[in-house]
Each structure stands twice: as structure tokens, then as C-alpha cells.
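sequence and computational prediction follow.
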Amino acid sequence: MRPLNKPTTAPNYTDDSPYGEAKADLIQALGEYCSYCERHINDKKALQVEHIQPKSLVPNLECVWDNFLLACASCNIHKGIKNPITLGIRLPHTNNLMLDLEVDPDSSLISANNPEGQAFIELVRLSDVAGTATLGDDRYEKRFETAGIAQNILEDYENGEIASKWVVRVAQTHGFFSLWYTIFQGHPEVIEELISNFQGTHPAAFDSTNNYSLVAI
């Protein structure tokens, strides 16, 4: 999943329960995207402040910036009270999970390259597809739909019908950064713009001297 460049300096909040206020700061830092499944959330009200270490298990971290990410409702529900820190699961703001995971541009299925990637898939059930997903969970459906759009946009781009900036604008609208990165692998000039324009993407996760190949962070 998209490597995130989350600020390490905590914002100054005005009360002792800042996680409700934190949403605006998280969106400003990371964009209107789920930190786990990468989907774009059009309605800011539907984006949730996700506690990395569940507040029910670690209540002293309920209002701590370091414990916040953004999540869609499905990822937040599936993660539940699992604690990725105690479980040793890599997270998108501390690791380049695109080295651990792959998304197939045709099937839109996400697979793991190693046990670390499989642990992340299981954390929020990213392998759920139509027919196995819980009611209201349309993450796979949206990812599959976006893959088709990206393939069509790639064809238009290679035919010279659209400029790279339009590729990026469509990608921003749908999200699923790693899908666009994979589909436009042969066009480093587009990938450069995707990295620069997807708010909160960690530039150090990509080698600009080698066609923006993936590197560990």
C-alpha cells in the first residue's frame, strides 16, 4: 500500500480529546485516502480517525498523534481491536508496504510477497472480494473499477490523447495509488507526478535515479 509521509511533529490541539479534531490535520497531511486500502473517500465525514493501537486496549494513546491514521469504515471495522504494534505488523507510515504487497492490474487481487505482507492483508482483510466481503464492503469492487479506468487512461496516454497531468487528476479522484503505479510502470514521468501529487506519499520510498523503483524506508 502507498507509503505515507506522516509528520512526526504533533499539532497543537485546544482540548484533551483531540482525535476528533485530528481528522483535518490528517487529511491535510495524507490526503482524502484510507491509509490501509488506499481508496479515495469523497465524503470527509466518511473518513475515520483510526487508532493504530486500539483505544480500548491502550487508552493512554487515545489522543496521541503518533497513534492516528485515516481509515475507511471497512478497514476500521475489520482491523477492530487488533494491535499491529504488539503483533509486529508493518504499517504504511513506517514501512514501504509496496515491497511486501502486489496488486494484479487485471484481477485487482492483492497478494503478499512475504509473511509481512500477508500479515497486513489479514489485518484489514484486503483479500476479501465480491461474494466474500461483508455487507457494505465495496473495497474490492472499487479497486476493480479503478483498474479498468486506469487501463483505459493508459491507452489514451500512450496514444497521445491526454497529458500526464490528466492521468494524475483521474488517479487522485479514485485513489488506489499502488494500482496506478503498477499500471503506469513503463512511464516514469507519470509515476513521478503521481508521487508528487498524491498528498502524503513518501518520496523516499522511490528511487528517482532508477525509474522510481521501490526502496525500503
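That came through fine. Note that the structure is predicted; figures quoted are calculated from it, not measured. Numbering: from 1, shown residues only.

can you tell me the closest non-neighbouring residue to the most centrally placed residue in the chain?
In the chain, the centroid-proximal residue (CA atoms, centre = their mean) is E38; its distance is 3.0 Å. Nearest residue to E38, sequence neighbours excluded (CB to CB, 6 or more residues apart in numbering): F176, at 4.8 Å. No exception for glycine: its C-beta is placed from N, CA and C like everyone else's.

how close does the one you found get to H93?
Using CB to CB, to the nearest Å, F176 is found at 18 Å from H93.

those two: who's more crowded?
The neighbour comparison of F176 against H93 (other CB atoms under 10 Å) goes to F176, with 29 against 22.

was I right to think that one contacts R39?
Yes. Counting by CB atoms under 8 Å, R39 is a contact partner of F176 at 6.3 Å.

what residues are shared contacts of the two?
Contact with both F176 and R39 is made by residues K142, R143, according to CB atoms under 8 Å, 6 or more residues apart in numbering.

quick one: pLDDT of the residue nearest to E38?
Note on F176: pLDDT of 98.

quick one, helices of the protein?
Taking DSSP state H, the helices of the chain run over residues 22-30, 73-79, 84-87, 115-124, 139-158, 164-174, 177-183, 188-197.

next, format those helices as TSV and append mean neighbour count and distance to K45.
Output for those, formatted as TSV (neighbours: other CB atoms under 10 Å; distance: least, CB to CB, whole Å):
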stretch	mean neighbour count	distance to K45
helix 22-30	18	9
helix 73-79	20	11
helix 84-87	13	25
helix 115-124	18	20
helix 139-158	17	18
helix 164-174	17	18
helix 177-183	23	22
helix 188-197	18	24
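
on that earlier part again, contact partners for the residue nearest to the centre of the chain?
M1, R2, G175, F176, F177, S178, L179.

one more time with 10 Å
Neighbouring residues of E38 by CB atoms under 10 Å, 6 or more residues apart in numbering: 1-2, 72, 75, 92, 103, 110, 126, 139, 142-143, 146, 174-180, 198.
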